[in-house]
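Enquirer: With the sequence up front, the predicted model follows.
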Amino acid sequence: MTPTTKVFFITGVSSGLGRAFATAALDAGHTVVGTVRRDADGQAFTALHPERAHARLLDVTDDAAVFAVVGEVEQSVGPVDVLIANAGYGLEGTFEETALANLRAQFDVNVFGAAATVQALLPFMRERRRGHILAVTSMGGLASFPGVSAYCGSKYALEGILEAIGKEVSGFGIHVTAVEPGSFRTDWAGRSMVRAARTVPDYDELFEPLRAARRTASGQQLGDPAKAAAALLRILDEPNPPAHLVFGSDALRLVRAGREAVDRDLDAWEHLTLSTDYSPAADLA
């Protein structure tokens, strides 16, 4: 292996962005360990490059399995330079209509699955004083949207975890990047989407057009997974890679709009915000 090549560990490589990231890394000469849920997907992944594509069966919600697989990969494949915690799925439905069991399952995969993978690899990267941790969140981790409250909640949670980790490990030569894609031509809104059953007619006017539009747009989204993969590879050699990397013009527009809305609230209610500070003069009253 030449000094410029890296070992990648990517969760969820059977399809979508995970597959695009893995394919681009392989094409660039890197070694990729990709996790899948089914034997057939593992065989298909290994076939991409019999020498440098290594499949591992893994359910990211099984903490013990995550730690075991990471440890085994470090020993048998080599030191992992780049982690891409990509495994996740979408849960569509209004909050009132979303069963709490489904909400917990969403967090189990999107938050705790990613957290377990990061925590399993961190000791190795910290000891080596190098590494790059990336996790795929979403534009829905920086701006929320009606009808996907559980999904946005999981991505907001992951954003917060990643940002804090980045501040904790920066002194160890480890970079942390949250990747926030917009709408890409993957199966996220199609077969991979879990949809809550409709039970409350009051939401029909708001939600039904959103559900219909999402189904219609599936496969026609603005984002190109191959271009996202090329952009991701581009930042890996940067001495100061971004903590947040937004992918897609739609994501850029919507995230900016969301952050501007927060700024408007900060400005409009600044007087009330400042009124809550402790004042010694109050003790004298």
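Expert: Cool, the structure landed.
Enquirer: Going by C-alpha atoms from here, please, whenever you check contacts or count neighbours.
Expert: Fine.
Enquirer: wait, what's in contact with the residue nearest to residue 226 when sequence neighbours are not counted?
Expert: Leaving aside its chain neighbours, residue 226 sits nearest to residue 20 (5.7 Å; criterion: C-alpha to C-alpha, 6 or more residues apart in numbering). Residue 20 makes contact with 13, 225-226, 229, according to C-alpha atoms under 8 Å, 6 or more residues apart in numbering.
Enquirer: How about residue 154?
Expert: 106-107, 110-111, 141.
Enquirer: Okay, it and residue 277: tell me how far apart.
Expert: Taking C-alpha to C-alpha, to the nearest Å as the measure, residue 154 falls 32 Å from residue 277.
Enquirer: got it, and residue 40?
Expert: For residue 40 relative to residue 277 (C-alpha to C-alpha), the value is 60 Å.
Enquirer: do residue 70 as well
Expert: From residue 70 to residue 277 the distance is 47 Å (C-alpha to C-alpha).
Enquirer: Which element, helix or strand, includes residue 13?
Expert: Residue 13 belongs to no helix or strand when elements are defined using DSSP states H and E.
Enquirer: Hmm, it is touching residue 37, no?
Expert: No: contact status for residue 13 versus residue 37: not in contact, 9.4 Å apart, counting by C-alpha atoms under 8 Å.
Enquirer: of the two, who's got more company?
Expert: residue 13 (26 against 17; other C-alpha atoms under 10 Å).
Enquirer: and the more buried one, backbone torsions?
Expert: When read as degrees, to the nearest 10, the backbone of residue 13 gives phi -100, psi 10.
Enquirer: and what of residue 176?
Expert: phi -130, psi 130.
Enquirer: any idea whether residue 24 is helix, strand or coil?
Expert: helix (DSSP: H, G, I helix; E, B strand; the rest coil).
Enquirer: State the distance from the closest residue in space to it that isn't next to it in sequence to residue 114.
Expert: Nearest non-adjacent residue to residue 24, counting by C-alpha to C-alpha, 6+ apart: residue 229, 6.1 Å away. Residue 229 sits 19 Å away from residue 114, taking C-alpha to C-alpha as the criterion.
Enquirer: Just want to know which of the two has more residues nearby.
Expert: For residue 229 versus residue 114, the count of surrounding residues by other C-alpha under 10 Å is larger for residue 114: 29 against 20.
Enquirer: tell me which residues form a beta bridge with the residue nearest to the more buried one when sequence neighbours are not counted?
Expert: Nearest residue to residue 114, sequence neighbours excluded (C-alpha to C-alpha, 6+ apart): residue 85, at 5.5 Å. As for beta bridges, residue 85 partners with residue 135 under DSSP bridges.
Enquirer: Spell out for me which residue occupies the centre of the protein.
Expert: The centroid of the chain falls nearest to residue 136 when counting by C-alpha atoms, centre = their mean (2.1 Å).
Enquirer: so residue 39 sits right up against residue 57, yeah?
Expert: Yes: in this structure, residue 39 is within contact of residue 57 by C-alpha under 8 Å, at 7.1 Å.
Enquirer: Report pLDDT for residue 198.
Expert: Residue 198 carries a pLDDT value of 89.
Enquirer: Tell me how many other residues crowd it.
Expert: For residue 198, the neighbour count with other C-alpha under 10 Å is 15.
Enquirer: And for residue 86?
Expert: Residues near residue 86, counting by other C-alpha under 10 Å: 25.
Enquirer: which residues touch residue 228?
Expert: Applying C-alpha under 8 Å, 6+ apart, the residues contacting residue 228 are 17, 21, 247.
Enquirer: Helix, strand or coil: sort out residue 20 for me.
Expert: Assignment for residue 20 (three-state DSSP): helix.
Enquirer: Make TSV out of the contacts of residue 154 and add distance to residue 206.
Expert: Shown next, in TSV, are the contacts of residue 154 (distance: C-alpha to C-alpha, whole Å):
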residue	distance to residue 206
106	23
107	25
110	26
111	28
141	21
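Enquirer: what's the closest of those to residue 269?
Expert: Distances from residue 269 to the contacts of residue 154, taken as C-alpha to C-alpha, are shortest for residue 141 (23.9 Å).
Enquirer: what ranges of this structure fall below the confidence cut-off?
Expert: Counting by pLDDT under 70, the chain contains low-confidence ranges at 1-3, 186-191, 217, 219-220, 282-285.
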